[in-house]
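**Q** After the sequence you'll find the predicted model.
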Amino acid sequence: MADDLNISDILAPNQSDAEEEQLTAAEVLKKLEQAWQNEKLAPDLLECKSEIVECVMELVAEMEGNLKQAKKGDIKVSIHRMELDRIRYVLSSYLRCRLKKIEIHGPVFLEREKTRSEDEPSRLSPEEFAFAKELSANIETHMKTVALNHMPRVMQNVELSTTVHAPNLDHYVFLKAIRKEDGVIVEEDADDQTSDRVDLDEGSQFLIRYKPIAELVQNGAVILL
């Protein structure tokens, strides 16, 4: 999508460097598309791209403002509104996909937050963390009201995270290598002597378990297809 967007036509016409602004907008939209594509296809919750989301929201607001000032009846306005609707769709679909995962695995993600190291970035945005926490609290209250309070006391203490299935990291995914990665371990062995390894050449495509390449998805070395 980003490659065929002519962002300069709907951004402010008095930019000091229109070409640079066009490139920046296209890059932001491309990153959003990649984040959306990975999030849809990854079985696990990926790191939230909050900065990209904020940039796209600012871009959408700017585009909306400029379109309001555009000359009525100009066919370009209708075309750019369609492009704007596409951007809104990708953004909302990306956020909905993440919320759906949180609804299904929320307690698991909250438990991860408790155990992650300080140098490890959170996968939940502050808003998503609040949503997951409130949802889990409501589910726990419902469980106690409907079932646990009516059971023997020794059976009433149940950790919500143990009642929810964790994401299936052994799920197979299609991927495309964005940059070359040598010696990726796809099947680990205890002595590391018989581990199955594969070289990912730039542009190559594979069907592979998600767990061994999860970090490569996070750092942008591969994109899911």
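**A** Great, that's in hand.

**Q** Please make it C-alpha for all contacts and neighbour counts, starting now.
**A** OK.

**Q** Quick one, grab the pLDDT at the residue most central in space within the chain.
**A** With distances taken as C-alpha atoms, centre = their mean, Glu39 lies nearest the centre of the chain, 4.0 Å away. With respect to pLDDT, Glu39 scores 97.

**Q** ok now do it, which residues does it touch?
**A** With C-alpha atoms under 8 Å, 6 or more residues apart in numbering as the criterion, the residues that contact Glu39 are 45-46, 94, 97-98.

**Q** quick one, longest helix in this structure?
**A** helix 75-115 (DSSP state H).

**Q** And the contacts of whichever helix or strand comes after that one?
**A** Counting by DSSP states H and E, the next helix or strand C-terminal to helix 75-115 is helix 126-146. Defining contact as C-alpha under 8 Å, 6+ apart, one finds that helix 126-146 is touched by 99, 102-103, 106-107, 110, 156, 160.

**Q** Filter the contacts of Glu39 down to the buried ones.
**A** Neighbour counting with 16 or more other C-alpha atoms under 10 Å marks 45-46, 94, 98 as buried within these.

**Q** Distance-wise, check Ala177 relative to Ile185.
**A** Applying C-alpha to C-alpha, to the nearest Å, the value for Ala177 to Ile185 is 15 Å.

**Q** neighbour count winner among these two?
**A** Neighbour count, other C-alpha atoms under 10 Å: between Ala177 and Ile185, Ala177 has more, with 21 against 15.

**Q** so that one touches Val198, yeah?
**A** No - Ala177 is not in contact with Val198 according to C-alpha atoms under 8 Å; the separation is 11.9 Å.

**Q** Run through the chain and note the low-pLDDT ranges.
**A** For the chain, the stretches with pLDDT under 70 are 1-23, 188-195.

**Q** run the last query once more with 80
**A** For the chain, the stretches flagged by pLDDT under 80 are 1-24, 70-76, 143-144, 147-163, 187-195.
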